[in-house]
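Engineer: Could you look at this predicted model? Sequence included:
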Amino acid sequence: MVLTVRDMAVTRGGLAILEGVSFDLAAGEALVLRGPNGIGKTTLLRSVAGLQPPERGTVSGAEDQIAHAGHSDGLKAMLSVTENLRFWASVFGVTEIEPALMSFALTELRHRMAGTLSAGQKRRLGLARLMVTGRPIWVLDEPTVSLDTASVALFAEAVRRHLRNGGSALMATHIDLGLAEARVLDLTPFKAAPRARQMDEAFL
Amino acid sequence: MRALLLRDLMLSIRAGGGFGLGLAFFLIVTVLVPFGVGPQTELLSRIAPGILWIGALLACLLSLDRILALDWEDGSLDLLATAPLPMEGIVTVKAFAHWITTGLPLVLAAPVLGVLLNLPGDAYLWVVVSLAVGTPALSVIGTFGAALTVGLKRGGLLMSLLVLPLYVPTLIFGAEVARRGGEGLTVQAPLLLLAGISFGAIALLPFASAAVLRINLR
Amino acid sequence: MSLWEYANPVKFIRTTDKVLPWVWTLAFLCLVTGLTWGFFFTPDDFRMGSTVKIIYIHVPSALMAINAWLMMLVASLIWIVRRHHVSALAARAAAPVGAVMTVIALVTGAFWGQPMWGTWWEWDPRLTSFLILFLFYLGYIALWEAIENDDTAADLTSILCLVGSVFAILSRYAVNFWNQGLHQGATFSMDREENISDVFWYPAVISMVGFALLFVALVFLRTQTEIRARRTRALLAREGQA
């Protein structure tokens, strides 16, 4: 297993939202999280990525292995497409950015300022960033937002290639990417019983 | 680390407002003071070191919210937090980039503006030296303030309220070096204290800034 | 039976409920005794006349202004290390009390200084330090108010309190360096030989004890309020979710 999540509970705005979430992710495997809005997909993914501490539970195998893509792409409007990518590549110690540009059909846009891209193009650039991190576990939060059908196909192909190369992906999405090998985890059964966070319970 | 520094520098050149805005603000403050206190050259030359220090400090303050707020808004800060860079390194690099884009130009511009205020001849050297030694502390302390208020709407005003009291010792020793230098007195004691504050702040505050930033990101 | 048991909010409220009336009564008695004694039954100072009597408010409030910050520093450390909520809330509760004490010290100082030095305000190291301390209080309170999430606010203000303490001490030295000042030396020290005479000493000590007890009572009360507000929010959150 490259990633093991055990008995995780997360809170948002002082309320418990998910509890008892456990799953494993093996190399070459994709896991899709499903569930209605507000169930806590984003919070769970952020906790897995180590951006916020979970209220309870453990994540193992995540240390320095995860590339996280959240709702915002972290692009700089005043830098060109290649400059944006090259920056993240050098932060992660990767030198090659061409494959990332190719995979997301950004080669033609390479000298455009990121600020002049359309929403879908920005998203593609944001996703291309995953490829220059060199990290095996992709944690993706609604990666297909503002992508058209062709771009979704590009993205699915990039994920598939990543899996074939021994990477793995954990994503929250409700679009069917056509990834036959992806497992689906419905989060609805893990919805937390109404209670305040543990920390607040001392006050009750 | 170096990539982050280069990116921040490039952004501040391209987006404007990095080098230019702080300097322009410094100029305006310096020009406004004579309007406020009257045109007596004698008085101006006496208060010139202090004015230059206050002006530099305010110009520095003005640009603090750019250190982290922009990266916060577009999500880069989240991505940096999961990158293989220690948070302490990130805040140090950010403070350093702020110093290069704001502090250093202020140091270089101070003697030019000193002419406007009829700065005494002996003081030029010491104004530059004190600013060169003191402005790094302003950037590092400011980064701490920026990290404290990064997630807040209308954080700018609050940040000023938090940062300005922290600037007091730096300002006192810095202005003291410039004033004593201008009067031909020995500057050793305040200069050493100023350097002590700068080095202390550079060595220790990034840990506090990083801790604060981690708390704000979660 | 450990001291940390009182870090439980419920236990804290139960205990302080029992203690508070006593603290209030003692604080009231001490203040009335100390201030009446000081104002009406001490001789005028040969040099300062009757203005010296403001000392019975000025010195205790100045003392508590500093002690309140020290208490906040200790409470912040306890929050950072042991994460007891009561500690963070007590620091929050103490800040406005400390700020008011600082204002009282500054204002009474101005009233005292005017006839003595012929000016309401002087950029004297002690006065300036207190003004800076007041700015620190303002920043601390403003940061608490600005952040919605209680735990984030507690974390951030604790770190601000630590960093602020270092810079407050630095400012104290910087200000000393910057201006030597008019203010007389410390009024009271442990060394009684060098001190003011007994007639002034006893009422002053009683007033200081009174101010300290008043501070404790106010902090207990305000901490209780903060705990109850927090409890209300937790309950509302739970209901809203159900």
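Structural biologist: Here it is on my side, so go on.
Engineer: For A:A49, which residues are in contact?
Structural biologist: A:62, A:66, A:68, A:139, B:82 (C-beta atoms under 8 Å, 6 or more residues apart in numbering or on different chains). Every C-beta, even on glycine, is put in place using the N, C-alpha and C of the backbone.
Engineer: so of those residues, which ones are in helices?
Structural biologist: Of the contacts of A:A49, the ones assigned to helices by DSSP state H are B:T82.
Engineer: between the contacts of A:A49, which is nearest chain C?
Structural biologist: Nearest to chain C among the contacts of A:A49: B:T82, at 19.6 Å, using C-beta to the nearest C-beta.
Engineer: Which residue of chain B lies farthest from its centroid?
Structural biologist: Residue farthest from the centre of chain B, counting by C-alpha atoms, centre = their mean, is B:Q40 at 29.1 Å.
Engineer: okay, who's weakest in the contacts of A:A49 by pLDDT?
Structural biologist: Within these, A:A62 has the lowest pLDDT, namely 76.
Engineer: hang on, the earlier thing: from the contacts of A:A49, which land in strands?
Structural biologist: Mapping those onto strands (DSSP state E) picks out A:66, A:68, A:139.
Engineer: Could you export the residues you listed as TSV, including neighbour count and distance to A:F104?
Structural biologist: Putting the ones in strands among the contacts of A:A49 into TSV (neighbours: other C-beta atoms under 10 Å in any protein chain shown; distance: C-beta to C-beta, whole Å) gives the following:
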residue	neighbour count	distance to A:F104
A:I66	22	20
A:H68	25	18
A:V139	29	18
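Engineer: with the residues you listed in mind, which one is nearest to C:V107?
Structural biologist: Nearest to C:V107 among those is A:H68, at 53.7 Å by C-beta to C-beta.
Engineer: Backbone dihedrals for the nearest residue to A:G115 once chain neighbours are set aside, please?
Structural biologist: Once flanking residues are discounted, A:G115 sits nearest to A:A77: 2.9 Å by C-beta to C-beta, 6 or more residues apart in numbering or on different chains. Main-chain torsions, A:A77, degrees, to the nearest 10: phi -60, psi -30.
Engineer: Wait, A:A77 touches A:M113, no?
Structural biologist: Yes - A:A77 is within contact range of A:M113, at 6.6 Å (criterion: C-beta atoms under 8 Å).
Engineer: Give me the average confidence score over the lengthiest helix in chain C.
Structural biologist: When chain C is parsed with DSSP H, its longest helix is helix C:198-241. Per-region confidence: helix C:198-241 scores 85 on mean pLDDT.
Engineer: secondary structure class for B:S209?
Structural biologist: Three-state call for B:S209 (DSSP: H, G, I helix; E, B strand; the rest coil): helix.
Engineer: State the number of residues packed around it.
Structural biologist: By the criterion of other C-beta atoms under 10 Å in any protein chain shown, B:S209 has 30 neighbours.
Engineer: re the thing from before, per-residue confidence for the residue nearest to A:G115?
Structural biologist: For A:A77, the pLDDT comes out at 81.
Engineer: Can you tell me the closest non-neighbouring residue to C:G98?
Structural biologist: C:A68 (2.9 Å).
Engineer: low-scoring stretches of the chain, by residue?
Structural biologist: I went with chain A, as the question did not name one. A:1, A:194-202, A:204 (pLDDT under 70).
Engineer: Sorry, I should have been clearer: chain B.
Structural biologist: Using pLDDT under 70, chain B drops low at B:16-18.
Engineer: sorry, back to before: gap between the residue farthest from the centre of chain B and C:I132?
Structural biologist: Distance of B:Q40 to C:I132, given as C-beta to C-beta, to the nearest Å: 30 Å.
Engineer: now swap in A:P143 and tell me
Structural biologist: Noted for A:P143: a distance of 51 Å to C:I132, by C-beta to C-beta.
Engineer: Show me which residues of chain A are close to chain B?
Structural biologist: Counting by C-beta under 8 Å from any C-beta of the partner chain, chain A comes close to chain B at A:49-53, A:64, A:66-68, A:70-76, A:78-79, A:83, A:87-88, A:90-93, A:129, A:133.
Engineer: again, only using 6 Å
Structural biologist: For chain A, the residues in contact with chain B (C-beta under 6 Å from any C-beta of the partner chain) are A:49, A:52, A:64, A:68, A:70, A:72, A:74, A:76, A:78, A:87, A:90-91.
Engineer: Just put those in TSV and tack on secondary structure.
Structural biologist: Shown next, in TSV, are these (three-state DSSP):
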residue	secondary structure
A:A49	coil
A:Q52	coil
A:D64	coil
A:H68	strand
A:G70	coil
A:S72	coil
A:G74	coil
A:K76	coil
A:M78	coil
A:F87	helix
A:S90	helix
A:V91	helix
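Engineer: Between these, which sits nearest B:L157?
Structural biologist: Nearest to B:L157 among those is A:S72, at 25.1 Å by C-beta to C-beta.
Engineer: Tell me how many other residues surround the closest residue to B:P34 other than its chain neighbours.
Structural biologist: Residue nearest to B:P34 in three dimensions, not counting chain neighbours: B:L44, with 6.0 Å by C-beta to C-beta, 6+ apart. Number of residues near B:L44 (other C-beta under 10 Å) recorded here: 18.
Engineer: you'd agree B:L44 is up against B:V115?
Structural biologist: No - with contacts counted by C-beta atoms under 6 Å, B:L44 stays clear of B:V115, the gap being 11.1 Å.
Engineer: still on that earlier bit, need the contacts of A:A49 in JSON lines (columns: distance to chain C).
Structural biologist: JSON lines is the format used below for those (distance: C-beta to the nearest C-beta, whole Å):
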{"residue": "A:A62", "distance to chain C": "23"}
{"residue": "A:I66", "distance to chain C": "23"}
{"residue": "A:H68", "distance to chain C": "21"}
{"residue": "A:V139", "distance to chain C": "23"}
{"residue": "B:T82", "distance to chain C": "20"}
